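Engineer: this one's sequence-less:
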């Protein structure tokens, strides 16, 4: 990947790799309200467990192709027998993280999403409810100030696990909340920090 050096001050975690800088500048911290996009991001953050986000970011397209665009309804509709074959196929897919538990979690999460929907729960409203429905803008000056989890991410994790989701621990949930703009954790020195 090409390096970016355009003079803009950014959160140091994104380095200067072109794809990571693009993600930082255009995706991370931007509020996302679409339920299917939120489902996709939650699943991808679960795939990150024990790995760096850049690893998953660079595999995102392969994940989208392999998992039916992260459409929870299509994934949940796959029967148990078909799932076994699907999982075996993906265990040979070099484009994704070949971890059986992580692959199975995408189906488990799809089932939980559909179950919530059948109960009349709007997934976007459900998740955004943990931050009162609107982004929280923090004011951290350095990476060491940014927490790995919060009371809100712990509450989200507990609720998601109870609803049947997995790979949704408090740290994963907080990374998810940062990514989808439920919290804005761009550092105060970053050009993406909202100054108004």
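Structural biologist: Everything's here; your move. Since we're looking at a predicted model, the values are computed, not measured. Residues are numbered from 1 along each chain as shown.

Engineer: and residue 73, how many neighbours?
Structural biologist: For residue 73, the tally of surrounding residues (other CB atoms under 10 Å) stands at 12. Placement of C-beta: from N, CA and C, glycine included.

Engineer: pretty sure it contacts residue 114?
Structural biologist: Yes. Residue 73 lies in contact with residue 114 (CB atoms under 8 Å); the separation is 6.3 Å.

Engineer: Can you get me a residue count around the closest residue to residue 169 other than its chain neighbours?
Structural biologist: Once its chain neighbours are removed from consideration, residue 169 has its nearest residue in residue 157; the separation is 5.6 Å (CB to CB, 6 or more residues apart in numbering). Other residues within reach of residue 157, judged by other CB under 10 Å, total 21.

Engineer: next one: residue 42
Structural biologist: For residue 42, the neighbour count with other CB under 10 Å is 25.

Engineer: Now do the same contact list for it.
Structural biologist: Contact partners of residue 42, counting by CB atoms under 8 Å, 6 or more residues apart in numbering, are 109, 160, 165, 168, 176.

Engineer: Would you agree residue 51 is in contact with residue 97?
Structural biologist: Yes. Look at residue 51 against residue 97 with CB under 8 Å: they come within range, at 6.9 Å.

Engineer: what helices or strands is the longest helix seen in the chain leaning on?
Structural biologist: Of all the segments of type helix in the chain, defined by DSSP state H, the longest one is helix 100-118. Helices and strands touching helix 100-118, as assessed by 3 or more CB pairs under 8 Å, 6 or more residues apart in numbering; DSSP states H and E, comprise helix 35-47, helix 72-76, helix 80-90, helix 123-128, helix 151-163.

Engineer: and residue 176, what does it touch?
Structural biologist: Under the criterion of CB under 8 Å, 6+ apart, the contact list for residue 176 reads 41-42, 45, 182.

Engineer: so which of these comes closest to residue 146?
Structural biologist: Using CB to CB, residue 182 comes nearest to residue 146 of the contacts of residue 176, at 14.3 Å.
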